[in-house]
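K.L.:
coords please:
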Amino acid sequence: MHQRKKVAIIVAGGSGLRMGNATPKQFLDLQGKPVLHHSIAAFAEAYADMEIVLVLPEAHFSYAEMILQAFDTLHKITLVTGGETRFHSVKNGLQAVSGDAVVFVHDGVRPLVSPALIHRCYEAALVHGSAIPVIDMKDSIREVSATSNTAVNREHFKIIQTPQTFLSELILPAFDLPHDPLFTDEATVVERLGHQIHLVPGDEANIKITKPLDLVIAGALLSC
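P.N.:
Residues are numbered from 1 along each chain as shown. Next up is the predicted model:
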């Protein structure tokens, strides 16, 4: 299978509000290192030629530069200012992508992404054009409307994770589209251009840090 340039766009635009903390969640301590350090480290470990594009508010650049001092052996790291929405932040990050590449878009607050999952997404994207990691729903779910609620079959639903991974020739034209509030993730943007989205098995441990309990769980998983 032919090799391609690899670019990871890591979006780290969150605040600490839901964590009840003044420090943005991507900079909170997790096993002695900031959450964002772990996310970057997974991509650096996955492929020696990985390029990293870190998208975050300009006010957080000094935080990020301290973290990046630990990654002096990385092929390339670019800091990019985030936008008004996730769509605009990813669009800004994509400006740093040139030539034929496999592009990973990852949440900076998913610090337990594994190199194995990154490999799985890369290989599937080469074959199918896209690779979106998903896991099964374990809980029963109900659809709620203004007047009723109905049980639905959870087998028909998947939980979406990142890195959402695409060939550059799919994702770059998609982000030339005007922003639409219905764009909930990168897959919905690429899908708008008529491309089929390919799902790959995600990883139960690839959790997103949004609340204090998530940080406790991530610490426990890292200690295993």
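K.L.:
now do the strands in this protein.
P.N.:
5-11, 29-30, 33-34, 51-56, 76-81, 101-107, 130-136, 141-144, 149-152, 158-160, 164-167, 199-201 (DSSP state E).
K.L.:
in the fifth one, what counts as buried?
P.N.:
Using 16 or more other Cβ atoms under 10 Å as the burial criterion, the residues of strand 76-81 that qualify are Ile77, Leu79, Val80. C-beta coordinates here come from the backbone N, C-alpha and C atoms, glycine included.
K.L.:
likewise for the last one?
P.N.:
Residues of strand 199-201 classed as buried by neighbour count (16+ other Cβ under 10 Å): Val200.
K.L.:
select the longest helix from this structure.
P.N.:
helix 115-128 (DSSP state H).
K.L.:
for Gln31, give me phi and psi.
P.N.:
When quoted as degrees, to the nearest 10, the phi and psi of Gln31 stand at phi 50, psi 40.
K.L.:
low-confidence ranges in this structure?
P.N.:
Applying pLDDT under 70 to the chain flags the ranges 1-2, 14-22, 72-75.
K.L.:
spatially central residue in it, please.
P.N.:
His106 (1.6 Å; Cα atoms, centre = their mean).
K.L.:
that one contacts Leu36, doesn't it?
P.N.:
No. Counting by Cβ atoms under 8 Å, His106 does not reach Leu36; the two are 10.7 Å apart.
K.L.:
joint contacts of those two?
P.N.:
Shared contacts of His106 and Leu36, defined by Cβ atoms under 8 Å, 6 or more residues apart in numbering, are found at Ile10.
K.L.:
that older thread, what are the buried residues along the longest helix of the chain?
P.N.:
Neighbour count says helix 115-128 has Leu117, Ile118, Arg120, Cys121, Tyr122, Ala124, Ala125, Leu126, His128 buried, by 16+ other Cβ under 10 Å.
K.L.:
now do stretch 78-92
P.N.:
Quick answer for stretch 78-92 (16+ other Cβ under 10 Å): Leu79, Val80, Gly82, Gly83, Arg86, Phe87, Ser89, Val90, Lys91, Asn92.
K.L.:
just the residues contacting it, thanks.
P.N.:
For stretch 78-92, the surrounding residues in contact (Cβ under 8 Å, 6+ apart) are 9, 11-13, 51-58, 61, 64-65, 93, 95-96, 105, 175, 179, 183, 185-186, 189.
K.L.:
for PyMOL, what selects the buried ones among those?
P.N.:
In PyMOL, a selection of the buried entries from the contacts of stretch 78-92 looks like this (16+ other Cβ under 10 Å):
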select buried, resi 9+11+12+13+51+52+53+54+55+56+57+64+93+96+105+175+183+185+186+189
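K.L.:
check contacts around Ala59.
P.N.:
Applying Cβ under 8 Å, 6+ apart, we find Ala59 in contact with no residue.
K.L.:
make 860 the first number, not 1, from now on.
P.N.:
Okay, using 860 as the starting number, the last item reads as Ala918.
K.L.:
what distance separates the longest helix of the chain from the centre of its chain?
P.N.:
Put simply, helix 974-987 sits 14 Å off its chain's centre (Cα atoms, centre = their mean, to the nearest Å).
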